[in-house]
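Trainee: Whatever this is, show me its structure:
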Amino acid sequence: MIRTEAVKTTTIPGMGFKQKLTAGGAGITILTPDDRATFTINKRDGTCVPYGKVNTDVFTEDVIKEVLELTQGLPYRRLGTITKVHVNKPCEETSVEHEVEDEKCDIDVIASAEYAAFIEQYSDKKGRFSHQLMNKELMQFAARSGAVSKKLAAKEDMDMILRYIVRSKAAKLSRRKAMDDEMLTAFIETIDSICTRSAFKELNAYLRGRVSRKRKK
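Mentor: The predicted structure is shown next:
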């Protein structure tokens with residue numbers, strides 16, 4: 001399972017984690033000794049929607065909010081599924097070796113040198129991934145890059161310019177050959193899903209700003 005480390009909840013006796021959903025996108029799963037619930041995360045506004053049947057008397061808005069806050073910025077790992085929650089002793093979980101494999105691209109991303117390099121480079125002292133740190137450095141890279149300037153002047157698609165920036169920076173940090181298109185798409189989606197909202201919002205705004213200033217000249 002591609003998920004974050006589990007965090008203990010104080011609003012109810014239980015724990016929760018953020019995970020990649022098999023249907024696509026990210027969600028949070030909250031577990032108690034007797035029940036569990038999964039919610040999808042809406043990337044537009046950060047709200048959570050039940051993913052299947054949910055007991056709303058147990059899994060209230062306060063519980064959901066707490067798990068979202070506690071898991072914010074935690075990076076994904078390949079970890080076993082938690083099968084049973086115990087209040088006063090370690091939880092039971094499936095070993096990674098016996099887990100049903102996730103989609104190949106997700107496993108490849110989590111295990112990649114590029115992902116490890118991004119997590120190490122852009123995590124704060126508490127080990128939480130910081131999209132602010134990432135965007136700041138990616139914007140600095142874009143500001144210095146002659147190739148980015150040429151792409152902006154040629155009015156290339158913004159998404160393609162962002163992909164160029166991320167691909168180039170990931171290759172430099174990991175000291176690896178640049179990712180192919182399929183891997184890059186999965187990489188961007190994985191990094192983006194760590195954050196409650198768009199991880200590349202500031203970089204996109206910066207690129208649009210540069211284009212807008214050029215038009216005004």
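Trainee: contacts and neighbour counts: CA atoms only from here.
Mentor: Will do.
Trainee: residues touching the most centrally placed residue in the chain, list them.
Mentor: Geometric centre of the chain, nearest residue: residue 194, 1.8 Å, by CA atoms, centre = their mean. For residue 194, the contacting residues are 26, 72, 73, 74, 75, 76, 129, by CA atoms under 8 Å, 6 or more residues apart in numbering.
Trainee: Checking residue 39 next. Helix, strand or coil?
Mentor: What DSSP: H, G, I helix; E, B strand; the rest coil gives for residue 39 is strand.
Trainee: no wait, residue 19
Mentor: Three-state assignment for residue 19 (three-state DSSP): strand.
Trainee: And the nearest residue to it once chain neighbours are set aside, its phi and psi?
Mentor: Distance criterion CA to CA, 6 or more residues apart in numbering; nearest residue to residue 19, sequence neighbours excluded, is residue 3 at 4.0 Å. Main-chain torsions, residue 3, degrees, to the nearest 10: phi -150, psi 170.
Trainee: What distance do you get for the residue nearest to the centre of the chain to residue 133?
Mentor: Using CA to CA, to the nearest Å, residue 194 is found at 14 Å from residue 133.
Trainee: Distance-wise, check the residue lying closest to residue 33 once chain neighbours are set aside relative to residue 91.
Mentor: Closest residue in space to residue 33, ignoring its immediate chain neighbours: residue 85 at 4.7 Å, by CA to CA, 6+ apart. Remark: distance between residue 85 and residue 91 (CA to CA) = 5 Å.
Trainee: Have a look at these two and say which one is more surrounded.
Mentor: residue 85 (20 against 13; other CA atoms under 10 Å).
Trainee: Distance-wise, check the more buried one relative to residue 30.
Mentor: 10 Å.
Trainee: related to what we said a few turns ago, closest one of the contacts of residue 194 to residue 108?
Mentor: Distance ranking of the contacts of residue 194 against residue 108, using CA to CA, places residue 76 first at 12.4 Å.
Trainee: Quick one: low-confidence residue ranges for this protein.
Mentor: Where the chain drops to pLDDT under 70, the residues are 97-105, 214-217.
Trainee: Please verify my assumption that residue 193 contacts residue 25.
Mentor: Yes. Counting by CA atoms under 8 Å, residue 193 touches residue 25, with 6.7 Å between them.
Trainee: of the two, who's got more company?
Mentor: A side-by-side neighbour count of residue 193 and residue 25, using other CA under 10 Å, places residue 193 first with 23 against 17.
Trainee: ok now do the nearest residue to the more buried one once chain neighbours are set aside, which residues does it touch?
Mentor: Spatial nearest neighbour of residue 193, chain neighbours left out: residue 26 (5.8 Å); criterion: CA to CA, 6+ apart. By CA under 8 Å, 6+ apart, the contact list for residue 26 reads 18, 19, 20, 40, 41, 193, 194.
Trainee: Considering those, which possesses the most neighbours?
Mentor: Highest neighbour count within these, by other CA under 10 Å: residue 18, with 31 neighbours.
Trainee: So what sits opposite that one in the bridge?
Mentor: Residue 18 has these beta-bridge partners by DSSP bridges: residue 28.
Trainee: isn't it right next to residue 1, touching?
Mentor: No. Residue 18 is beyond contact range of residue 1, at 10.6 Å (criterion: CA under 8 Å).
Trainee: which residues in the chain form strands?
Mentor: 2-3, 7-9, 14-20, 26-31, 36-41, 48-50, 77-78, 82-84, 92-93 (DSSP state E).
Trainee: I appreciate the help and will end here.
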